[in-house]
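Novice: Predicted coordinates and the sequence they were generated for:
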Amino acid sequence: MRDLASRLRDIVRRDGRTTAAVPAVVDTPARELTYEEEFEAPAIAGASLAERMGGEALDPAGACVVIDRRYPAHTSHGRHTIERCRPDVTRPIDLFDPRVSANPDWSRHVVYFDIETTGLSGGAGTVAFLVGCGWFDTDGDFTVRQFFLAGPAGEKPMLQALARVFDAASLIVTFNGRTFDVPFMETRWAFHRTAAPTDDLPHFDMLPPARRLWGRRDLARPDAEGCSLSALERRVLGFHRQHDVPGFEIPARYFQFLRTGDTALVDGVLEHNRHDLVSLAAVMSHALWMVHEGPQACREPSEQLAVGQVYERAGWLERAVDAYDLAVTLGDADVQRPALARLALMHRRAGRHDHAATTWQRILDLVPRGRRSLLPIERHAMEALAIHHEHRVRDLGRARGYAEALGAASMGRTRVDTDRRMQRLARKIEARDAGKKLELGYEPDEP
């Protein structure tokens, strides 16, 4: 493949031949400003390539292959069946994205979308060589349609076919697609001077809800796998891929396919993409089911904590309290601390300051004996108790005790603020003691 500078020089040599004898404007059709990468043609091409891949050629040259796979409704995907992964309009999707629920017809034809590219850097030289779409049929089966590029010449017909899929969709669902997949494809449509069919199409990105529900495990468990789709399908769905192609190998496999025409190199990539689409549908369905059923449906206390935060953010305060209470009852200290903190803040906002103080104290009761350092949430609890006893209860002695303990475990700006609080408390205590002496008839000490 030649570099961009060489291609531009050739364009200038061919199209910039204007001399005194040759007019600058000639009666010839304007050249298309797009280009086609000069990949070597694969050893297998056209209909034979489509046949080897189990699909059909989209264009006469066979540069784009369309592959359909159907997953029957009764097929298992981990602990779920395909039929259970179907979106339900009665589920509260607005808890995650109110923009979607503004359209009551959002569940009519949901299209799940995922792409595999030749790189992550973007730009004109990066191409989505595999685009996968999935949707549910009326009988509950899940259809996956994949568009595979055997060469860059097939990109334009692929984009046209993909536009027809999106034109029939009521909602597009992706995993990190709001920041990568959809903007990337919109640049390809723009490159071919075509309007993007995703402009007015409602879009639900499952990555932010997944981070809210399951991302907290990364904080509580240093060995956690993270919040990638493959990690979620193992932890949430109980689905384990066999002989999966790692994501970092995918571009290299595609380029090797272009050199050799060996379809075995991309068979695993196609399967990887299909698993991504099915898992995306299953994770979305499970998330909506979990927040619909409530904290009792959660498998772990960390999920109950996360569901409570979703309810609180949406203003469902009673359900949030139920979720937090259950997380405190069933969870370990790593779950109890944030759940108690959320409960304390809710009590304080409602004006129940005594309940808030009791809840903050429960956080400090979880501190193991002998540990001298405090977690940020524990320092916050101690500061809240110092404020409560100084300004509301007027128990200056207890307020000073919390301030001293906070100062011993603080440093930097927090230590400066704590020192100021201790100095203020010392002045208040001194003034209070002096006032008591005057009430009892004691004269103030001589200077």
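Specialist: Okay, I see it. None of these values were measured; they are calculated from a predicted model.
Novice: what sits against R342?
Specialist: Listed by Cβ atoms under 8 Å, 6 or more residues apart in numbering, the contact set of R342 reads L305, G308, Q309, E312, A320, Y324. In short, each C-beta sits where N, CA and C put it, glycine included.
Novice: where does it land in three-state SS?
Specialist: helix (DSSP: H, G, I helix; E, B strand; the rest coil).
Novice: give me the low-pLDDT residue ranges for the chain?
Specialist: 1-47, 121-124, 217-225, 410-415, 436-447 (pLDDT under 70).
Novice: Please identify which of the contacts of R342 is nearest to L375.
Specialist: L305 (15.8 Å; Cβ to Cβ).
Novice: Isn't the closest one up against A327?
Specialist: Yes. L305 is within contact range of A327, at 4.3 Å (criterion: Cβ atoms under 8 Å).
Novice: residues bridging contact with the two, i.e. touching both?
Specialist: Joint contacts of L305 and A327 (Cβ under 8 Å, 6+ apart) are V335, A339.
Novice: domain assignment for the chain?
Specialist: For the chain, automatic domain parsing gives the domain ranges 46-291, 338-439.
Novice: Out of those, which one sits most buried?
Specialist: domain 46-291 (a mean of 18; mean count of other Cβ atoms under 10 Å).
Novice: now the domains of the chain as a markdown table including distance to A297?
Specialist: Listed next are the domains of the chain as a markdown table, based on distance: least, Cβ to Cβ, whole Å:
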| stretch | distance to A297 |
| --- | --- |
| domain 46-291 | 6 |
| domain 338-439 | 17 |
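Novice: closest one to E300 among those domains?
Specialist: domain 46-291 (8.6 Å).
Novice: now the strands for the stretch 151-300 of the chain?
Specialist: 171-174, 203-205 (DSSP state E, counting those that start in this stretch).
Novice: same for the first one, what does it pack against?
Specialist: What that stands for is strand 171-174. strand 110-117, strand 203-205, helix 264-293 (3 or more Cβ pairs under 8 Å, 6 or more residues apart in numbering; DSSP states H and E).
Novice: For V393, see how far away the spatially most central residue of the chain is.
Specialist: The residue lying closest to the centre of the chain (Cα atoms, centre = their mean) is L207, at 1.9 Å. According to Cβ to Cβ, to the nearest Å, L207 stands 45 Å off from V393.
Novice: which one is A153 nearest to, not counting chain neighbours?
Specialist: Leaving aside its sequence neighbours, A153 sits nearest to A63 (Cβ to Cβ, 6 or more residues apart in numbering; 4.2 Å).
Novice: Could you measure from the one you found over to R348?
Specialist: For A63 relative to R348 (Cβ to Cβ), the value is 63 Å.
Novice: that older thread, now the strands of the stretch 151-300 of the chain as JSON lines including distance to L237?
Specialist: Output for these, formatted as JSON lines (distance: least, Cβ to Cβ, whole Å):
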{"stretch": "strand 171-174", "distance to L237": "16"}
{"stretch": "strand 203-205", "distance to L237": "18"}
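Novice: among the contacts of R342, which are in helices?
Specialist: Of those, the ones assigned to helices by DSSP state H are L305, G308, Q309, E312, A320, Y324.
Novice: wouldn't the third one be in contact with R211 here?
Specialist: No. Distance between Q309 and R211: 11.3 Å, which falls outside the contact criterion (Cβ under 8 Å).
Novice: Let me see the contact set for the residue lying closest to R241 once chain neighbours are set aside.
Specialist: Leaving aside its sequence neighbours, R241 sits nearest to H275 (Cβ to Cβ, 6+ apart; 5.9 Å). With contact set as Cβ under 8 Å, 6+ apart, H275 has these partners: E233, R241, D244.
Novice: show me what contacts the last one?
Specialist: Counting by Cβ under 8 Å, 6+ apart, D244 touches S230, G268, E271, H272, H275.
Novice: Most widely separated two among these?
Specialist: S230 and G268 (13.6 Å).
Novice: Chain neighbours aside, what residue packs nearest to L201?
Specialist: Going by Cβ to Cβ, 6+ apart, L201 has I172 as its nearest residue, at 5.4 Å.
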